[in-house]
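> would you be able to build a 3D model of this:
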Amino acid sequence: MAVALDAATRRNRKVAMIAASAALAMLGLGFASVPIYRIFCQATGFGGTTMRATAAQAAAIRTTARPITIRFDGNVTKGMPWLFHPEQVTQDGHIGERKMAFFIAKNTSNRPIVGRAIFNVTPEQTGAYFHKIQCFCFNEQRLEPGEQVRMPVIYYVDPEMLNDPNARDVPEITLSYTFMEAADSTPAVLEKQGGKPLDRAQRAR
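Numbering: from 1, shown residues only. Presented below is the predicted three-dimensional model:
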């Protein structure tokens, strides 16, 4: 009887270990899926994620006669003590044309804060054709107490959009940014690692 109980106990322990291992594997996959999903979105434009282009790639793009309006939107997450908004709400241009727009951010708190911007465009089907050459969203931004900055984004809309039946008739694209406080934005971490503020030429006066 004792032998049977020992065998049953060993089996139960084995099953428990397998279940625990499976749970840990699923947990790890959950954490890993976030960067994997982000990489997938950036490569495909899925979910309205914009694309990233080099200056050389942008130089090879031809400007078309097709007009397009870009609408800008700026937000911050709840509890983040920043003011953040586009310098102009809309900008008219042509598909393929390289354009520059500016966003204004101000730290209204009494401590340094590092912000990270997440972004997307709508309609979502235009994400694969909205290319950014330069953007404040490529890096985290540190603002000192009361500091205000003027941050540029340089972009173009790929003429390939005109070959997509789901996107070619879109007259207006909205580019939206939301700033959140970075996880390493605590005073202790900032004091330890310092910070790299924006280039002085980009600061608002």
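> so Q125, which state does it fall into?
Under DSSP: H, G, I helix; E, B strand; the rest coil, the three-state class of Q125 is helix.
> pLDDT below threshold where in this structure?
Where the chain drops to pLDDT under 70, the residues are 1-50, 184-205.
> swap in 80 and give it another go.
Applying pLDDT under 80 to the chain picks out residues 1-51, 183-205.
> tell me where it has strands.
Along the chain, the segments classed as strands by DSSP state E run 51-52, 67-76, 82-86, 90-94, 99-107, 113-122, 130-135, 141-143, 148-157, 172-181.
> how about TSV for the ones you listed, with mean neighbour count and distance to A58 added?
C-betas here are computed from N, CA, C, even on glycine. Shown next, in TSV, are the strands of the chain (neighbours: other C-beta atoms under 10 Å; distance: least, C-beta to C-beta, whole Å):
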stretch	mean neighbour count	distance to A58
strand 51-52	16	11
strand 67-76	18	15
strand 82-86	18	21
strand 90-94	14	13
strand 99-107	18	11
strand 113-122	20	17
strand 130-135	19	5
strand 141-143	22	23
strand 148-157	21	6
strand 172-181	19	16
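> so which of the ones you listed gets nearest D164?
D164 lies closest to strand 148-157 among these, at 11.6 Å (C-beta to C-beta).
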